[in-house]
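Colleague: Mind looking at a prediction? Sequence and model below.
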Amino acid sequence: MSGYLNLGPQQVLDALDAVGLRGDGRILQLNSYENRVFQVFLEDGAPGREAVVAKFYRPGRWSDAQILEEHTFALELAAAEVPVVPPLVLQAAPDAAGLTLLGDPPTLACQQTADGQHRYTAAARCAGREPELEDPAALRQLGRFIGRLHMVGRRQPFAHRHHLNAHVDGRAALKLLLQGGFVPDTQAATWQSACERALDAVEAAFETVASLNTLRLHGDCHLGNVLWRDGAPHVVDLDDAMQGPAVQDLWMLVSGDHSTMAQQLNHLLEGYEQFCDFDDRERVLIEPLRTLRMVRHSAWLAARWTDPTFPLNFPFFGSAAYWSQQTAQLREQLEVMTS
């Protein structure tokens, strides 16, 4: 883990050299809490590929099989002309030492170095901006994009990636936070009560939509993960790809009061249903999924707290004010889910 935490420009350039991607020395670390991600300009970059984005995976988060399944999904989407940025096919340099390439075609590099083992991949650089969700036409276009992604996602299930499970995911997050001592004693009882009641409501909502169909999803489809480029949406990262209900890739794109969100979702579905049917029962899962994300976000911070990046960027986590706010928000969510 120390080699991953202390990953520097020279180690990044050496790693890319090992797979035939020679940087010219210009390197920029990109914003990513979960992995270490760098934009690297290449010496012999062809037009349109002057730079690549290299992603070094956090040790212990995903297995090789899970990463390769994500890569396979991305390549499958690209082959179907869904606008995603797939991983590059890698080729070992003649003098590469300690390197193993995984995948068919090979997209994941595993290299043993003096600093430890690194697992990494590379993709073409793709810039863009956030979509304008106030525009119904943009929402319909975004819906068409997600519908096309889901059309491919329905072909077969994930075997290794995470399968969304409202009961297991929520209770695991609650257990981690309580047993890890992350909630101050002054807030523990009230937060735990609010969290347990909210999770009860989440589970009850999922029970009302029995026999729910699931599919391969983007998994974390919020505005920051969708880029608007050349007049169309693109996805540059499938790091949180999972198996789950279709609404998981839609609910984070709607916001506001109930009527506003319903109208936004209707616009998304106008485009979406040109490619995929949508089970209207899943509408009731929007607020439960929002609640589940809130609890799991706190657990994610807790699980990463030994990484120095996290206390630096989330100094409020663990404070009494943070947990008081979480309690209030969970109570609000409970009211919304049970009204």
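Modeller: Noted; the coordinates are in hand.

Colleague: any idea which helix or strand comes after the helix or strand Q111 falls within?
Modeller: Per DSSP states H and E, Q111 falls inside strand 108-113. Using DSSP H and E, the next helix or strand after strand 108-113 towards the C-terminus is strand 116-124.

Colleague: Contacts for that following strand next, please.
Modeller: Strand 116-124 is contacted from outside by 1-4, 7, 11, 15-16, 19, 21, 48-49, 52-57, 59, 64, 67, 71, 85-88, 90, 107-111, 236, using C-beta atoms under 8 Å, 6 or more residues apart in numbering. C-betas here are computed from N, CA, C, even on glycine.

Colleague: What residues of it count as buried?
Modeller: 118-123 (16 or more other C-beta atoms under 10 Å).

Colleague: Please apply the same query to stretch 276-295.
Modeller: 276, 278, 282-283, 285-295.

Colleague: Would you mind writing the CA trace of that stretch as CSV?
Modeller: Output in CSV follows, covering the C-alpha atoms of stretch 276-295 (Å, rounded to 0.1, in the frame of the first residue of the first chain):
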residue,chain,number,x,y,z
CYS,A,276,-35.0,-0.2,-23.5
ASP,A,277,-38.2,-0.8,-21.6
PHE,A,278,-38.4,0.7,-18.1
ASP,A,279,-40.2,-1.0,-15.2
ASP,A,280,-42.2,1.9,-13.7
ARG,A,281,-42.2,0.1,-10.4
GLU,A,282,-38.6,1.2,-10.0
ARG,A,283,-39.7,4.9,-9.6
VAL,A,284,-40.4,4.1,-5.9
LEU,A,285,-36.7,3.2,-5.4
ILE,A,286,-35.3,6.7,-6.1
GLU,A,287,-35.4,7.9,-2.5
PRO,A,288,-34.4,4.5,-1.0
LEU,A,289,-31.4,4.5,-3.3
ARG,A,290,-30.6,8.1,-2.3
THR,A,291,-30.7,7.0,1.4
LEU,A,292,-28.6,4.0,0.8
ARG,A,293,-26.0,6.2,-1.0
MET,A,294,-25.9,8.5,2.0
VAL,A,295,-25.1,5.7,4.4
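
Colleague: could you give the mean pLDDT of that stretch?
Modeller: Here stretch 276-295 scores 97 as its mean pLDDT.

Colleague: go on, stretch 211-222?
Modeller: So the average pLDDT for stretch 211-222 ends up being 95.

Colleague: May I see the buried residues of that stretch?
Modeller: So, applying 16+ other C-beta under 10 Å, buried residues of stretch 211-222: 214-221.

Colleague: Among the residues you listed, which lie within strands?
Modeller: Within the buried residues of stretch 211-222, residues falling in strands by DSSP state E are 215-217.

Colleague: circling back to that earlier point, redo the buried residues of strand 116-124 as JSON lines? Include distance to G147.
Modeller: Formatted as JSON lines, the buried residues of strand 116-124 follow (distance: C-beta to C-beta, whole Å):
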{"residue": "H118", "distance to G147": "37"}
{"residue": "R119", "distance to G147": "32"}
{"residue": "Y120", "distance to G147": "32"}
{"residue": "T121", "distance to G147": "27"}
{"residue": "A122", "distance to G147": "29"}
{"residue": "A123", "distance to G147": "24"}
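
Colleague: now the strands: where do they sit in the stretch 151-300 of the chain?
Modeller: Assigned by DSSP state E, counting those that start in this stretch, the strands in the stretch 151-300 of the chain fall at 215-217, 226-229, 232-235, 242-244.

Colleague: Deepest in the core, which of those strands is it.
Modeller: strand 215-217 (a mean of 25; mean count of other C-beta atoms under 10 Å).

Colleague: Tell me the secondary structure at W62.
Modeller: coil (DSSP: H, G, I helix; E, B strand; the rest coil).

Colleague: Please identify which helix or strand holds the residue nearest to it when sequence neighbours are not counted.
Modeller: Once flanking residues are discounted, W62 sits nearest to E70: 7.7 Å by C-beta to C-beta, 6 or more residues apart in numbering. Using DSSP H and E, E70 sits within helix 64-79.

Colleague: Pull the most distant pair out of the buried residues of stretch 276-295.
Modeller: Using C-beta to C-beta, the pair of the buried residues of stretch 276-295 lying farthest apart is C276 and V295, separated by 28.8 Å.

Colleague: domains of this protein?
Modeller: Per automatic domain parsing, the domain ranges recorded for the chain read 2-124, 136-338.

Colleague: Just give me how far the shortest one sits from the chain centre.
Modeller: Domain 2-124 sits 17 Å away from the centroid of its parent chain (C-alpha atoms, centre = their mean, to the nearest Å).
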